[in-house]
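Asks: okay, here's the prediction I keep looking at, along with the sequence it came from:
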Amino acid sequence: MRNFYAEIFQAATNGKKLLAILIDPDKFIEAETKLYLEKLPKQTTHIFVGGSKVENFKTEKTVKAIKAETDLPVILFPGDYSQITETADALLFLSLLSGRNPEYLIEQQVKSVEKLKNSKLEIIPTAYILIDGGKESAVQRVSRTKPILQSQVETIINTALAGEFSGKKLIYLEAGSGADFPVSEKIITEVKKALNIPLIVGGGIRSLEQQENAYRAGADMIVMGTQFEN
């Protein structure tokens, strides 16, 4: 059986850069799955599925449609516990460490346990850190938390390390879907230097130049999504 986290960790150790495409089930048309996947960059290594708010059962339908057309790993990136489906390969078990709303620090995680305790999904504990991307994001609205300002580099580093020290296996720096600007190279570099676990960066990355800058700064995996929704 594949160990998807081990593969991500090994890639990060070997300097192999990964690219995940994030699919929001509420904006996805299952009948167009094959056409959608054909348009993705050739270097795509993972598919993430999830959104801040998703209609009931839409995540499962989306995952099934994707799995029927690709062998790429499909990993859940859930906005809440209702989006968990056994049909995916793995789950980012997210804790929103940048905010102080208990609903997204621990309550959603507790609610998810009934679905997960007998699940075959690979569960990957992930520290989710929302960074200011220049506009209010869906995550900010739904979680009712504020992002960390990009000028607060030390706070971002310490939050990431708090995630690692508390047993998270991945750190995910998120500027928010459709952000005006991505997480800065300085932040990526400083966080990566402090960590011993893989670093994911997403939000506001639209161009090949922005992608390469994030990789060069130290991102092990980049997540892109908004530009592929249409």
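Replies: Sure thing, it's come through.

Asks: drop to CA atoms for contacts and neighbour counts, all remaining ones
Replies: OK.

Asks: could you point out the longest helix in the chain?
Replies: Longest helix in the chain, counting residues (DSSP state H): helix 153-165.

Asks: tell me which helix or strand comes right after that helix.
Replies: Where DSSP states H and E defines the elements, the next helix or strand beyond helix 153-165 is strand 170-174.

Asks: how about the helices in this structure?
Replies: Under DSSP H, the chain gives helices at 4-14, 33-38, 58-67, 102, 108-116, 138-143, 153-165, 185-194, 208-217.

Asks: which among those is found nearest to D26?
Replies: Set against D26 and scored by C-alpha to C-alpha, the helices of the chain come closest in helix 58-67, at 6.9 Å.

Asks: now the closest one: buried residues?
Replies: Neighbour-count burial for helix 58-67 flags 58-63, 65-67 (criterion: 16 or more other C-alpha atoms under 10 Å).

Asks: and if you look at stretch 197-217?
Replies: So, applying 16+ other C-alpha under 10 Å, buried residues of stretch 197-217: 197-206, 210-211, 213-215, 217.

Asks: and that stretch, end to end?
Replies: Length of stretch 197-217, first residue to last, C-alpha to C-alpha, to the nearest Å: 15 Å.

Asks: what lies in contact with it?
Replies: The contact list for stretch 197-217 (C-alpha atoms under 8 Å, 6 or more residues apart in numbering) reads 8-9, 12, 17, 133, 164, 169-186, 188-189, 192, 218-224, 227.

Asks: report the buried members of those residues.
Replies: 8-9, 12, 17, 133, 164, 169-179, 181-185, 188-189, 192, 218-224.

Asks: what mean pLDDT does stretch 39-49 have?
Replies: For stretch 39-49, mean pLDDT is 97.
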